[in-house]
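Peer 1: Need a 3D model of the following:
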Amino acid sequence: MAAGVSPRLAWAAELAAPRPGDRVLEVGCGHGVLLSLLADRLTTGQVLGLDRSATMTAAAARRNAAAVARGTVAVRTAELLDAGLDVGWADLVVAVHVGAFWRPPADGYGVVRQVLTEGGRFLLVDQPLRPGQAEDRVARVAALAAPHGLRVTAHHRGDTPPRPSIAVELRR
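Peer 2: Modelled structure (predicted):
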C-alpha cells in the first residue's frame, strides 16, 4: 500500500477497479487520495473529483497535479445536487463516507442515476461505527436509492483497520 493511503481507500480502489478507459466520478473527493488510486488505473479514461469544500478540492488538485496536467484528473468545487454534471457521463461513481447517501432525503441518488451510463455502477463505501450495522446499512441504502431508480446489486465487506468497511454496489 502506498504511503499515506488508508486501508479503507486502498480497498475501495481495488473494489472499484475502473477499466482503463472509464469515466469516473468521485463524490466527496476530500484530499484526493482515492482520485490518485483510481487515476493510476486509467489510460484513456478520466476521474472527476467533486467536493463541496474549496479547501479539499485545492488539496486534491495539488496532490494530483501531474494527472490534472495530463487531463486524467479534474477537480471541481460543488455540491453534487448543483454540479451540473452531464447526463450519462460516468461509467463509475464512487463515494466514500458521504453521509448524504446514508440519510434521508438522499436526493443525490437521483443525480447519480442521471450521470451513470447504461450499465454503469455506483460504489458507496463506509466504515460503520458499531458491529452489526452493515446489514442495516445495506437495507437503508436499498430503500433510499430505489425511489431514484437505483438498485443494490452487491455488497462487500473489507477488513480495513481500524474497523471493517462495507461497500454497497448499485446500478440503474
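
Peer 1: which stretches of this protein have low pLDDT?
Peer 2: Residues of the chain that meet the criterion pLDDT under 70 lie in 1-3.

Peer 1: Show me the longest strand that occurs in it.
Peer 2: If you go by DSSP state E, the chain has its longest strand at strand 116-126.

Peer 1: Secondary structure element for residue 12, which one?
Peer 2: Using DSSP states H and E, the element containing residue 12 is helix 7-16.

Peer 1: Run me through the strand neighbours of the helix or strand that that helix is followed by, direction for each.
Peer 2: Once the chain leaves helix 7-16, the next helix or strand it forms, by DSSP H and E, is strand 23-27. Here strand 23-27 has these sheet partners by DSSP bridges: strand 46-51 (parallel), strand 90-96 (parallel).

Peer 1: What residues sit buried inside the first one?
Peer 2: By neighbour count with 16 or more other C-beta atoms under 10 Å, strand 46-51 contains the buried residues 46-51. Quick note: C-beta positions are derived from backbone N, CA and C, even for glycine.

Peer 1: re the thing from before, restricting to C-alpha, output the helix or strand following the longest strand of the chain in CSV.
Peer 2: Next helix or strand after strand 116-126 toward the C-terminus (DSSP H and E): helix 133-145. Provided in CSV are the C-alpha atoms of helix 133-145 (Å, rounded to 0.1, in the frame of the first residue of the first chain):
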residue,chain,number,x,y,z
GLN,A,133,-24.5,-2.1,11.4
ALA,A,134,-23.6,-3.5,8.0
GLU,A,135,-26.9,-5.3,7.2
ASP,A,136,-28.9,-2.3,8.4
ARG,A,137,-26.8,0.0,6.1
VAL,A,138,-27.3,-2.2,3.1
ALA,A,139,-31.1,-2.2,3.7
ARG,A,140,-31.2,1.5,4.3
VAL,A,141,-29.3,2.2,1.0
ALA,A,142,-31.7,-0.1,-0.9
ALA,A,143,-34.7,1.8,0.5
LEU,A,144,-33.2,5.3,-0.1
ALA,A,145,-31.9,4.5,-3.6
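
Peer 1: which residues are contacting helix 133-145?
Peer 2: For helix 133-145, the external contacting residues (C-beta atoms under 8 Å, 6 or more residues apart in numbering) are 101-102, 104, 106, 109, 124, 126, 128, 151-152, 155, 157, 164, 166, 168, 170.
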